[in-house]
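Enquirer: sequence and predicted model, in that order:
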Amino acid sequence: MKKGNISIFVPFNGCPQQCSFCNQKTITGKQTQPTPNDVKQAVETALRRKGYEYEIAFFGGSFTAIEREYMLSLLDTAYEFVKSGAVNGIRISTRPDCIDREILDILKSRGVTSIELGAQSMDDEVLTANMRGHTSNDVVKASELIKEYGFELGLQMMTGLYLDTDEKAIETAKKLIALKPDTVRIYPTVVLKGTYLAELYEKELYKPQNVDDAAALCTKLIPMFDNAGIRIIRLGLHSSEDIKKNMVAGAFHPAFGEIVQSRFMLNRVLEHPPASYEIFVNPKSVSKLKGNQKRNVYFLMEEGYNIKFTVSDKVAVDDLKIVRR
């Protein structure tokens, strides 16, 4: 059976402050707080679709920092579906500084199986500059506690934040890998209206990544996590009309994952010196190899490559066979 999340968004509830990049209404497309009945209805609606094994996922804010009785009301409603066997468990996301043993005891007793921490960076200068309100050591302590309690650990990192660099992002990845999470999400920064980053950008004090910058960095980050056996479950923000309307700058593209894969393929070709080549590619990977609007093709031409593309079912999807002519 396929696995799926029943996502319940709890927007900007419980956060002790607003981080430099945060506009939760835009990111989630939500502004009202869900009620226990909303949770019940969302789960019952999802369960009508057969062939899936579901988990309930509370995302969008700092779940363990929201008002305690409200948090328990949401959890208790969700837990009824766990106890009945209708869903497999509950996932939550929260801040690293909102995890302690008392909270973990509560989560454990109510069917929570996975906790994701918004680490964003493991560089304290970057965390301070982006008003995160926690340190890299908070990420370490929270991660260790979560694993001690037997929860699945997920970590989220962002690239392209204010004062961040590619080198700092690579160091962040190394430090996250050392914590041995089960999953990771990589979110290139998107500058949204009404945020501190938007102010810095408008004052020309901050230069955000563009899509190409972020894709190039991700081709370095992804193998690091892959080689460590850590599953990347999201690359880039989910596309929404709110993001498209409110985006000021930054690395957002609705097909960001495919752009990264396209960059991987381009790098494979660039491992060879400029010359004439025939590249054999699976029909499902032709668009990735050529790039968005044939950008890879034009780039290779400018760099002195003469490429003949041959479509072949004998080549695995997303693989290439490169033969010099």
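Expert: Great, that's in hand. What you see is a predicted model; the values in this text were computed from it and never measured. Residues are numbered from 1 along each chain as shown.

Enquirer: contacting residues around Leu117?
Expert: Residues in contact with Leu117 (C-beta atoms under 8 Å, 6 or more residues apart in numbering) are 93-96, 99, 139, 142-143, 146, 153-156. For glycine as for every other residue, the C-beta is placed from the backbone atoms N, C-alpha and C.

Enquirer: wait, a strand at it?
Expert: Yes: counting by DSSP: H, G, I helix; E, B strand; the rest coil, Leu117 is part of a strand.

Enquirer: now the strands for the stretch 151-300 of the chain?
Expert: Using DSSP state E, counting those that start in this stretch, the strands assigned to the stretch 151-300 of the chain run over residues 152-159, 183-188, 190-192, 231-235, 247-250, 276-281.

Enquirer: just to revisit the earlier point, in the contacts of Leu117, which residue is surrounded by the most others?
Expert: Neighbour counts for the contacts of Leu117 (other C-beta atoms under 10 Å) peak at Leu155, which has 31 neighbours.

Enquirer: coming back round to it: just put the contacts of Leu117 in CSV and tack on distance to Ala316 and pLDDT.
Expert: Output for the contacts of Leu117, formatted as CSV (distance: C-beta to C-beta, whole Å; pLDDT from 0 to 100):
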residue, distance to Ala316, pLDDT
Ser93, 35, 95
Thr94, 39, 95
Arg95, 41, 94
Pro96, 39, 96
Ile99, 42, 97
Val139, 37, 98
Ala142, 40, 98
Ser143, 35, 98
Ile146, 37, 98
Leu153, 32, 98
Gly154, 29, 98
Leu155, 30, 98
Gln156, 31, 97
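
Enquirer: ranking the strands of the stretch 151-300 of the chain by burial, who's on top?
Expert: Highest mean neighbour count among the strands of the stretch 151-300 of the chain (mean count of other C-beta atoms under 10 Å): strand 190-192, with a mean of 26.

Enquirer: neighbouring strands of it in the sheet, and parallel or not?
Expert: Strand pairing for strand 190-192, determined by DSSP bridges: strand 247-250 (antiparallel).

Enquirer: sorry, back to before: can I get the contacts of Leu117 in JSON lines including distance to Lys308?
Expert: Shown next, in JSON lines, are the contacts of Leu117 (distance: C-beta to C-beta, whole Å):
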{"residue": "Ser93", "distance to Lys308": "47"}
{"residue": "Thr94", "distance to Lys308": "52"}
{"residue": "Arg95", "distance to Lys308": "52"}
{"residue": "Pro96", "distance to Lys308": "51"}
{"residue": "Ile99", "distance to Lys308": "55"}
{"residue": "Val139", "distance to Lys308": "49"}
{"residue": "Ala142", "distance to Lys308": "53"}
{"residue": "Ser143", "distance to Lys308": "49"}
{"residue": "Ile146", "distance to Lys308": "52"}
{"residue": "Leu153", "distance to Lys308": "47"}
{"residue": "Gly154", "distance to Lys308": "44"}
{"residue": "Leu155", "distance to Lys308": "43"}
{"residue": "Gln156", "distance to Lys308": "42"}
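
Enquirer: check contacts around Lys321.
Expert: Here Lys321 is in contact with Ile279, Phe280, Val281, Ser312, Val315 (C-beta under 8 Å, 6+ apart).

Enquirer: if we go to 6 Å?
Expert: Counting by C-beta atoms under 6 Å, 6 or more residues apart in numbering, Lys321 touches Phe280, Val315.

Enquirer: compute the distance between the spatially most central residue of the chain and His238, please.
Expert: In the chain, the centroid-proximal residue (C-alpha atoms, centre = their mean) is Arg185; its distance is 3.1 Å. Distance, Arg185 to His238, by C-beta to C-beta, to the nearest Å: 11 Å.

Enquirer: quick one, phi psi at the nearest residue to Leu117 once chain neighbours are set aside?
Expert: Nearest residue to Leu117, sequence neighbours excluded (C-beta to C-beta, 6 or more residues apart in numbering): Pro96, at 4.9 Å. Per-residue torsions, Pro96: phi -60, psi -30 (degrees, to the nearest 10).

Enquirer: which residues touch Pro96?
Expert: Pro96 neighbours (C-beta under 6 Å, 6+ apart): Leu117, His134, Asp138, Val139, Ala142.

Enquirer: ok, of these, which one's closest to Leu176?
Expert: Comparing the contacts of Pro96 against Leu176 with C-beta to C-beta places Val139 closest, at 8.0 Å.
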